[in-house]
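**Student:** output the structure for:
(2 chains)
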2 protein chains.
Amino acid sequence: MERRPRATDTNAADAWLDAVRWDGATGLVPAIAQDATTGRVLTLAWMNREALRLTVDSGRVHYWSRSRGQLWSKGETSGHVQQVRELRLDCDADAVLVAVDQVGGIACHTGRESCFFLRYDDGRWVAVDPVLKDPAAIYGHE
Amino acid sequence: MERRPRATDTNAADAWLDAVRWDGATGLVPAIAQDATTGRVLTLAWMNREALRLTVDSGRVHYWSRSRGQLWSKGETSGHVQQVRELRLDCDADAVLVAVDQVGGIACHTGRESCFFLRYDDGRWVAVDPVLKDPAAIYGHE
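**Tutor:** Numbering: from 1, shown residues only, chains lettered A, B, ... in the order given. As a prediction, the model looks like this:
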């Protein structure tokens, strides 16, 4: 009783991760980032178990990049870090919502506040939000 | 020139649906519903091409139920319809955001406003939002 096996401790500590219904094929869940101040939905990206753990441990949102096939600390290149204010799980335990402080006020790689800048208008998707910063300036390209 | 082939008309009209990057394996994209008035993120569900088309055509949000394998008009059983105020697509064209009027103020099958009622707190997920209406009353069960 005095010395509990380390495995038991680890399992107990990971129960919140086990509770998430990771997709059977990909091991991922969709993760929504919402600006804690403005309420604007900023991004929809993906987390695996490690990304969610790192998000909690570091207080900065981490994702799994499906295109690059690797963990991704949001803002690692752009500086546009998402700081965790609150983390939620949905009723089916297969989607995550993170309320964040969006550093720089820019979440999208196009230099816009939100990735959801295309609005449906009469059979077309129209870019309706302003570019706040030139992506070339954000990412240091030509 | 006078009579354009019908196929051409159809293609042109569907360009906005073709622009969406449906998942190669499932044909789905994640769709976020956000309360247009309160800004609360209500649900994360899934749409296929037909669900998105029906959403636009009817002005009511439709999803694809992965568990039931069928189209699903949100609120068809509960009455908690989501009326479309605005529809957006993200920068990668693989996620949808719908601003909605949530009929009844309840989006979740548990009788809560939002499906995201579980908040992370020190290694646990804690239900922090009130049940506004008994699910048995919503769905007419005993």
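**Student:** what packs against the longest helix belonging to chain A?
**Tutor:** The residue-count maximum for a helix in chain A (DSSP state H) belongs to helix A:49-58. Counting contacts by 3 or more C-beta pairs under 8 Å, 6 or more residues apart in numbering or on different chains; DSSP states H and E, helix A:49-58 packs against helix A:15-18, strand A:29-35, strand A:62-65, strand A:70-73, strand A:82-89. Bear in mind the C-beta positions are built from the backbone N, C-alpha and C, glycine included.
**Student:** of these, which approaches residue B:27 most closely?
**Tutor:** Closest to residue B:27 of these, according to C-beta to C-beta: strand A:29-35, at 15.9 Å.
**Student:** dump the residue contacts of the residue of chain A found nearest chain B.
**Tutor:** Nearest residue of chain A to chain B, counting by C-beta to the nearest C-beta: residue A:39, 3.2 Å away. By C-beta atoms under 8 Å, 6 or more residues apart in numbering or on different chains, residue A:39 lies in contact with B:39-40.
**Student:** per-residue confidence for it?
**Tutor:** Per-residue pLDDT puts residue A:39 at 98.
**Student:** one more: the one 3 residues further on?
**Tutor:** Taken from the predicted model, the pLDDT recorded for residue A:42 is 98.
**Student:** and chain A, which of its residues are near chain B?
**Tutor:** With C-beta under 8 Å from any C-beta of the partner chain as the criterion, chain A meets chain B at residues A:13, A:15-16, A:19, A:25, A:30, A:32, A:34, A:39-41, A:43-44, A:56, A:86-93, A:95, A:97, A:108-110, A:112, A:115-120, A:123-125.
**Student:** list the contacts for the residue nearest to residue A:123 when sequence neighbours are not counted?
**Tutor:** Counting by C-beta to C-beta, 6 or more residues apart in numbering or on different chains, residue B:16 is the residue found nearest to residue A:123 once chain neighbours are left out, at 5.4 Å. Residue B:16 makes contact with A:120, A:123-125, according to C-beta under 8 Å, 6+ apart.
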